[in-house]
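Visitor: Dropping the sequence and predicted coords here.
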Amino acid sequence: MNQHANVRIGHSACPHDCPSTCALDVEIVDGKRIGRVHGAKENSYTSGVICAKVARYAERIHHPDRLLKPLVRAGGKGDGNWKEASWDAALDLVAEKFIAAEEAYGSETVWLNYYAGTMGLVQRDGINRLRHAKKYSNLFGTFCTNLAWTGFTMGTGRLIGADPREMAKSDCVVIWGTNAVVTQVNVMTHAVKARKERGARIVVIDVYENATMKQADMGIVVKPGTDGALACGVMHVLFREGLADRAYLERYTDDPLGLEEHLRSRTPEWASAISGVSVAEIEAFARLVGTTKRTFFRLGFGFSRQRNGAVNMHAALSVAAVTGCWQYEGGGAFHSNSDIFRLDKSELEGSAYLDHGVRYLDQSKIGRVLTGDSEALYGGPPVTAMLVQNTNPANVAPEQRLVRQGLMREDLFLCVHEQFMTDTAKFADLVLPATMFMEHDDIYRGGGHQHIVLGPKLIEPPAGPRTNHYVVEELAKRLGVGHLPGFGLTEQEHIDLMLRKRGLGTFSTFKEERWADVQPPFEEAHFVKGFAFPDGKFRFRPDWTGSPAPNRPPKSMGLQGSYERLPEFPDHVDLIEIADAEHPFRLATSPARSFLNSTFTETPSSRGREVRPELLVHPDDAAALGFADGDRVEIGNRRGEVVLHAKLFDGVRRGVVIAEGIWPNAAHERGEGINVLTGADASAPYGGAAFHDNKVWLRPAG
């Protein structure tokens, strides 16, 4: 007799580094394995839709290559020779090495390195509790948000915006600087609903004709780093043709007359020469948003990928102020809701132990830090011991050759807590196996929407992996700080603390409710009572070096990049790597549809869909250089060179090339990945790595 599997539905949240933070319904088979994963239909933002890679999560969580036991290096660094160890022996080794490093160089020699491999607050941020208690070097996060968040808050004063569900009530949705189909599919759910139900137009602005632009009514391909010029050309037309909302400008903005005067010379012709967008396209876009009151500007993280990204974000955001679309439901602008959640993580992160006198190290400059750059080390001791959780710097960090050189140091003890043998784990002295999100308790907040979502444990992990929380707690005991307040609590107890302080109940009540909608009312989200500055005015003239921002660097690090060149009003400023005779192309390393940073590169379906590392090249550029579709090409700059296969594509402007996805280094012909070509120099004014801002040469591979 055939026996049918017993399937029940569990509820969770996607933990990956995506603003959608989807609420999930998970098929649990016989109480042990997961089946298909679905978007929660009851959640008003997820609305039943998730990306294909998460829908197939069973491939990942039950992958035969998962790490299952602690592994100690048994040969040379990177040789791949390992011996198994018990968890107690492994953690004893970490503590022994950390203590020895401290005794030799002081506590700042130890660096706990993490990022967004999980967005769960407990499993991601708890590492800081150990950092602060032990006075280990602090981490200044610069991979993703700095430039975009800075540019947005320079205009509004606060990192909130119009309810993203209002896209469904818009008459025009402008998706600018994000490939939403690939990176946050729920944006498309609400935008397409507006088109179906209201006849709304969808406009997409990006550096190439990507999957999102293919679904647009109007697609605008802009040269990388020139969004500010496009925005200024649009605003010039709005003022010139009487489409600026002067009553709104007078009431809600700081210097509309000064802006209008500044824009007189920023004509569509001027903008076209810089951005590559035709005058006709600029004028058509300006007239569309100028005559459509319910226009919703969905501004993405692409702005964080250029050295002038803060200026570009502020300029694009300023268009919404000139049109006055903030006044209408279905109008306004949105980038992130990160300021609305207000979950108190002080106990979780050990904030009471934070010492601002302890140095901060820039995560994007890990290559420089590990190779002894005194400026990157801020005059402190070398880093000789590390714990890495939730990140894969050997693959995802800029200046990859420096990162590799640093990780190969024999005097560096590296412990990596991971789910798979990543590029970083391969260089480790000790690798610890980690759980996945359905195997532990955590809580999430969706920067791209308004929900706090619970992710309770749904299945037991395999016998070997342990949670990030477990590793932090066990090391704290061995390192002499486990008795301090904040340690000794379970994941659920930390979640209870955060929820109670926010007035949202407890882990148990949340398990029933699944999420909380904390969207501010319309008046607050649309700044009806004024923007978040003392005078209530939107800033066309931002204080680039004096205004607060969500991730402003500490005083000890100071201002970053060429901040003295930041403009008085919205503008184009050449802080980017400008193509030149030696490097005539501009390279953007955009996301691939089936990967998420370096996650999902191990699953067969994702790898099968992406096929191989490729470089999108305009056919005319390929013809001029003498290569054809599918040919091997070499791309390089002063940082190094990489070989990929050319894919001829006329959806990119001449002189611009696109490498989609962060493939594992080993997937490339020479064992080095695309981040060999990206730079780690800080961007103005508050830092940030500009991953899509690279000048390069291109030639047929020998």
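Guide: Structure's in. What do you need?
Visitor: What does the most centrally placed residue in the chain show for phi and psi?
Guide: Nearest to the mean C-alpha position of the chain, counting by Cα atoms, centre = their mean, stands residue 144 at 4.2 Å. Phi and psi for residue 144, reported as degrees, to the nearest 10, are phi -130, psi -60.
Visitor: Tell me if I'm right that it and residue 116 touch.
Guide: Yes - between residue 144 and residue 116 there is a contact under Cβ atoms under 8 Å: 7.2 Å. For every residue, glycine as well, the C-beta is placed using N, CA and C.
Visitor: where do the contact lists of these two overlap?
Guide: Taking Cβ atoms under 8 Å, 6 or more residues apart in numbering as the criterion, residue 144 and residue 116 both touch residue 17.
Visitor: just for this protein, where's the confidence low?
Guide: For the chain, the stretches with pLDDT under 70 are 1-4.
Visitor: Sheet partners, orientation included, of the longest strand anywhere in the chain?
Guide: Determined from DSSP state E, the single longest strand within the chain is strand 640-648. Sheet pairing of strand 640-648 (DSSP bridges) gives strand 614-617 (parallel), strand 632-637 (antiparallel).
Visitor: OK, contacts around the residue nearest to the centre of the chain?
Guide: By Cβ under 8 Å, 6+ apart, the contact set of residue 144 is 17, 116, 301, 304, 688.
Visitor: sec struct for the last one, please.
Guide: Pointing back at residue 688 there. coil (DSSP: H, G, I helix; E, B strand; the rest coil).
Visitor: so what's it closest to, chain neighbours aside?
Guide: In space, and not counting its chain neighbours, residue 688 is closest to residue 146: 3.3 Å by Cβ to Cβ, 6 or more residues apart in numbering.
Visitor: before we move on, what about the third one?
Guide: Once its chain neighbours are removed from consideration, residue 301 has its nearest residue in residue 148; the separation is 5.4 Å (Cβ to Cβ, 6+ apart).
Visitor: same thing with the second one?
Guide: Nearest in space to residue 116, with sequence neighbours left out and distances taken as Cβ to Cβ, 6+ apart, is residue 17 at 3.9 Å.
Visitor: about what we covered before: from memory the residue nearest to residue 301 sits against residue 313, does it?
Guide: Yes - using Cβ under 8 Å, residue 148 is in contact with residue 313, at 5.2 Å.
Visitor: Spell out which residues are contacts of both of the two.
Guide: Counting by Cβ under 8 Å, 6+ apart, the residues touching both residue 148 and residue 313 are 177, 299, 303, 335.
Visitor: Distance-wise, check residue 372 relative to residue 100.
Guide: For residue 372, the distance to residue 100 equals 19 Å [Cβ to Cβ, to the nearest Å].
Visitor: again with residue 109
Guide: Residue 109 is 10 Å from residue 100, by Cβ to Cβ.
Visitor: out of those two, which sits in the busier spot?
Guide: Higher neighbour count among residue 109 and residue 100: residue 109, with 21 against 14, using other Cβ atoms under 10 Å.
Visitor: list the contacts for the more buried one?
Guide: For residue 109, the contact set (Cβ under 8 Å, 6+ apart) comprises 101-102, 137, 381-385.
Visitor: from the middle of its chain, how far away would the helix or strand hosting residue 220 be?
Guide: Assigned by DSSP states H and E, residue 220 belongs to strand 218-221. Relative to its parent chain, strand 218-221 has a centroid offset of 23 Å by Cα atoms, centre = their mean, to the nearest Å.
Visitor: With only the CA atoms kept, save it in PDB.
Guide: C-alpha atoms of strand 218-221 as PDB (Å, rounded to 0.1, in the frame of the first residue of the first chain):
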ATOM      1  CA  MET A 218       8.900  53.300 -20.300                       C
ATOM      2  CA  GLY A 219      12.400  52.100 -19.900                       C
ATOM      3  CA  ILE A 220      15.300  54.600 -19.500                       C
ATOM      4  CA  VAL A 221      18.900  53.300 -19.700                       C
END
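Visitor: returning to that earlier point: may I ask which of the contacts of residue 144 has the most neighbours?
Guide: Counting neighbours by other Cβ under 10 Å, the top entry in the contacts of residue 144 is residue 688, with 32 neighbours.
Visitor: hmm, back to that, tell me which strands and helices the strand holding residue 220 is in contact with?
Guide: strand 201-206, helix 279-291 (3 or more Cβ pairs under 8 Å, 6 or more residues apart in numbering; DSSP states H and E).
Visitor: re earlier: now do the residue nearest to residue 301 against residue 188, distance only.
Guide: According to Cβ to Cβ, residue 148 stands 20 Å off from residue 188.
Visitor: Of these two, give the one with the bigger neighbour count.
Guide: Legend: neighbour count by other Cβ under 10 Å for residue 148 and residue 188, higher for residue 148 (27 against 19).
Visitor: coming back round to it: let me know the closest of the contacts of residue 109 to residue 440.
Guide: residue 385 (25.7 Å; Cβ to Cβ).
Visitor: For the stretch 101-250 of the chain, which segments count as strands?
Guide: For the stretch 101-250 of the chain, applying DSSP state E, counting those that start in this stretch gives strands covering 110-114, 138-140, 172-176, 201-206, 218-221.
Visitor: and these, which is most packed in?
Guide: strand 172-176 (a mean of 28; mean count of other Cβ atoms under 10 Å).
Visitor: Pull out the CA atoms of the longest helix seen in the chain and give them to me as PDB.
Guide: Assignment by DSSP state H gives helix 87-105 as the longest helix of the chain. Extracted in PDB, the C-alpha atoms of helix 87-105 (Å, rounded to 0.1, in the frame of the first residue of the first chain):
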ATOM      1  CA  TRP A  87      32.300  21.100  19.000                       C
ATOM      2  CA  ASP A  88      33.900  21.500  22.400                       C
ATOM      3  CA  ALA A  89      37.400  21.000  21.000                       C
ATOM      4  CA  ALA A  90      36.600  23.500  18.200                       C
ATOM      5  CA  LEU A  91      35.300  26.200  20.500                       C
ATOM      6  CA  ASP A  92      38.200  25.600  22.900                       C
ATOM      7  CA  LEU A  93      40.600  26.200  20.000                       C
ATOM      8  CA  VAL A  94      38.900  29.500  19.100                       C
ATOM      9  CA  ALA A  95      39.100  30.800  22.700                       C
ATOM     10  CA  GLU A  96      42.700  29.700  23.000                       C
ATOM     11  CA  LYS A  97      43.700  31.500  19.800                       C
ATOM     12  CA  PHE A  98      41.700  34.700  20.700                       C
ATOM     13  CA  ILE A  99      43.300  34.800  24.200                       C
ATOM     14  CA  ALA A 100      46.800  34.300  22.800                       C
ATOM     15  CA  ALA A 101      46.200  37.100  20.200                       C
ATOM     16  CA  GLU A 102      45.000  39.400  22.900                       C
ATOM     17  CA  GLU A 103      48.000  38.800  25.100                       C
ATOM     18  CA  ALA A 104      50.300  39.600  22.200                       C
ATOM     19  CA  TYR A 105      48.600  42.700  20.700                       C
END
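Visitor: quick one: buried residues of it?
Guide: 87, 90-91, 93-95, 97-98, 101-102, 105 (16 or more other Cβ atoms under 10 Å).
Visitor: Most widely separated two among these?
Guide: For the buried residues of helix 87-105, the farthest-apart pair by Cβ to Cβ is 87 and 105; their separation is 27.5 Å.
Visitor: Let me see the ranges of the strands in the stretch 251-400 of the chain.
Guide: Secondary structure of the stretch 251-400 of the chain (DSSP E, counting those that start in this stretch): strands at 295-299, 332-334, 360-362, 385-389.
Visitor: For the third one, list every residue counted as buried.
Guide: Going back to what we said before, that points to strand 360-362. Quick answer for strand 360-362 (16+ other Cβ under 10 Å): 360-362.
Visitor: Please, which helix or strand holds residue 27?
Guide: Per DSSP H and E: strand 23-29 holds residue 27.
Visitor: Please name every helix or strand in contact with whichever helix or strand comes after that strand.
Guide: Going down the chain from strand 23-29, the next helix or strand is strand 33-39, by DSSP H and E. In terms of contacts (3+ Cβ pairs under 8 Å, 6+ apart), strand 33-39 is packed against strand 23-29, helix 52-55, helix 58-61.
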